[in-house]
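Asks: Quick one: sequence and predicted model below, then my questions.
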Amino acid sequence: MHTSMRRRTTAGVWRRLQAVLVALAMAARPAQCETQQSKKPLVTAVIVFGDSIMDPGNNNGLHTVVKANHPPYGKDFAGHVATGRFSNGLIPTDFIAQGLNLKQLLPPYLGVQHTPEDLLTGVSFASGATGFDPLTPIIVGVISLEQQLAYFDEYRSKLVGIAGEEETRRIIDGALFVVCAGTDDIANTYYTTPFRSAEYDVPAYVDLLLAGVESFLRNVSARGAKRIGFAGLPPIGCVPSQRTLGGGGPRRGCVPERNAAAQLYNARVQELIRELGEEDRAGFPTLVYLDIYAVIQDLVENGERHGFSETTRGCCSTGTVEVAVLCDARFAPVCDDVADHVFFDSYHPTQRAYKVIVDYIFDHYIHFLHL
Ligand SMILES: *[C@@H]1O[C@H](CO)[C@@H](O)[C@H](O)[C@H]1NC(C)=O
């Protein structure tokens with residue numbers, strides 16, 4: 001099985017990648033012009049902070065195992081390039097940028113050469129496996145949310161260099177900010193490592209996360225964000241790896257305890273967002289809670305309604321535990337019916353499932369963001 005994958009040499013892959021990059025670079029310009037001509041962008045830029053759901057490749061240059069810049073990641077991306085996106089193709093940031101008529105792909109802030117236009121219309125600072133608990137990024141060697149804000153400050157001065165202070169202010173004023181993190185805090189730091197669970201019960205740990213959320217949102221607000229979409233947590237206990245690791249038994253049912261933790265966090269975060277919203281008149285930005293719990297639960301429980309027949313296993317390898325470094329085409333086969341799967345690896349949705357989730361967000365929340 002998959003001997004062709006194994007036989008492919010690194011040099012061969014590298015040559016293919018270079019050819020693909022050249023093709024992409026040539027294809028990018030006309031596509032961008034077309035979008036601009038056909039539909040007016042709804043925002044000036046999209047600026048994203050968060051974790052792997054939103055990370056288009058910021059982890060690629062880090063010393064961490066949490067990377068997706070190797071096959072089979074990207075197997076359905078243009079040119080089959082593994083860009084670092086944790087999926088077989090596009091991730092939510094790309095669908096958000098497309099849905100706002102802004103651009104086809106939202107680039108990572110790190111590790112790529114941006115055109116001025118790409119910087120001006122937004123980037124993602126997200127880093128796979130980070131979280132609101134300051135310990136979470138440290139355990140796995142990825143970029144903290146605080147550091148993502150420091151990169152934002154650097155990014156802002158690049159915008160000033162390109163377009164001047166006044167235009168930069170206009171861009172930030174007209175931008176949509178998106179924040180998505182917290183899953184790794186609960187799934188990894190709390191339930192997988194001993195560092196927090198020895199000291200905190202779930203409600204106390206949720207308090208710790210909420211302190212991080214509030215501090216982060218105040219810091220984003222202080223940077224001039226006018227509109228922020230804040231994603232809640234998915235049903236963490238129903239993600240394939242959690243079904244396997246969480247004592248769901250041989251039938252690998254959802255882990256109720258982990259879903260309850262996600263729901264408690266979601267309830268508390270919504271309270272916090274309401275409170276911060278009351279500061280609205282005092283200049284706090286429009287802050288909208290984006291519920292992704294229900295839509296992902298529906299995908300998992302009623303997959304067939306959305307055309308998915310495999311909802312409990314990822315497409316990569318056995319689909320029960322493999323993610324990032326363990327999901328590697330050199331060692332593990334990849335399924336040949338990815339479109340039937342909700343999950344690509346044991347943790348991250350497929351491109352098709354991501355599209356369902358982002359369509360849901362657009363249908364339900366876009367008007368709250370005054371777009
Ligand atoms: C927010 O900013 C303060 C002051 O710079 C800093 O101490 C804190 O760590 C920041 N919090 C986050 C989550 O970025």
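Replies: Great, that's in hand. Residues are numbered from 1 along each chain as shown.

Asks: The residue nearest to residue 116 when sequence neighbours are not counted: what's it in contact with?
Replies: Setting aside the residues directly before and after it, residue 116 is nearest to residue 162 in space (Cβ to Cβ, 6 or more residues apart in numbering), at 4.8 Å. For every residue, glycine as well, the C-beta is placed using N, CA and C. By Cβ atoms under 8 Å, 6 or more residues apart in numbering, the contact set of residue 162 is 116, 119, 120.

Asks: The first one: how many residues sit nearby?
Replies: Meaning residue 116. By other Cβ atoms under 10 Å, 12 other residues sit near residue 116.

Asks: A strand includes residue 320, no?
Replies: No: membership of residue 320 in a strand is not supported by DSSP: H, G, I helix; E, B strand; the rest coil, which gives coil.

Asks: Residue 76 - how many residues pack around it?
Replies: Counted with other Cβ under 10 Å, the neighbours of residue 76 add up to 17.

Asks: That one contacts residue 351, correct?
Replies: Yes: assessed by Cβ atoms under 8 Å, residue 76 is found in contact with residue 351 at 6.1 Å.

Asks: any residues in contact with both of the two?
Replies: 88, 89.

Asks: rewinding a little: now flag whichever of the contacts of residue 162 is closest to the ligand.
Replies: residue 119 (22.0 Å; Cβ to the nearest ligand atom).

Asks: And the pLDDT for the closest one?
Replies: Residue 119 carries a pLDDT value of 98.

Asks: Confirm for me that it is in contact with residue 160.
Replies: No: counting by Cβ under 8 Å, residue 160 is not a contact partner of residue 119; they are 10.9 Å apart.

Asks: out of those two, which sits in the more crowded spot?
Replies: residue 119 (19 against 14).

Asks: Near the ligand, which residues of this structure are found?
Replies: For the chain, the residues in contact with the ligand (Cβ under 6 Å from any ligand atom) are 145, 146, 149, 212, 215, 216, 219.

Asks: Make a PyMOL selection of the buried ones in these.
Replies: Entered in PyMOL, the line below selects the buried ones among these, by 16 or more other Cβ atoms under 10 Å:
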select buried, resi 145+149+212+216+219
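
Asks: tell me the two of the residues of the chain next to the ligand that are most distant?
Replies: The span of the residues of the chain next to the ligand, defined through Cβ to Cβ, is set by 149 and 212 at 12.4 Å.

Asks: what's near enough to touch residue 55?
Replies: Residue 55 makes contact with 84, 85, 86, 91, 108, 124, 126, 127, 128, according to Cβ under 8 Å, 6+ apart.

Asks: Thought residue 58 was touching the first one, still the case?
Replies: Yes: between residue 84 and residue 58 there is a contact at 7.2 Å, judged by Cβ under 8 Å.

Asks: of these two, who's got more company?
Replies: Remark: of residue 84 and residue 58, residue 58 carries more neighbours, 28 against 25, as counted by other Cβ under 10 Å.

Asks: The more buried one and residue 142, how far apart?
Replies: For residue 58, the distance to residue 142 equals 8 Å [Cβ to Cβ, to the nearest Å].

Asks: Please enumerate the shared neighbours of those two.
Replies: Common neighbours of residue 58 and residue 142 (criterion: Cβ under 8 Å, 6+ apart): 127, 128.

Asks: What is the end-to-end distance of stretch 68-80?
Replies: 13 Å (Cα to Cα, to the nearest Å).
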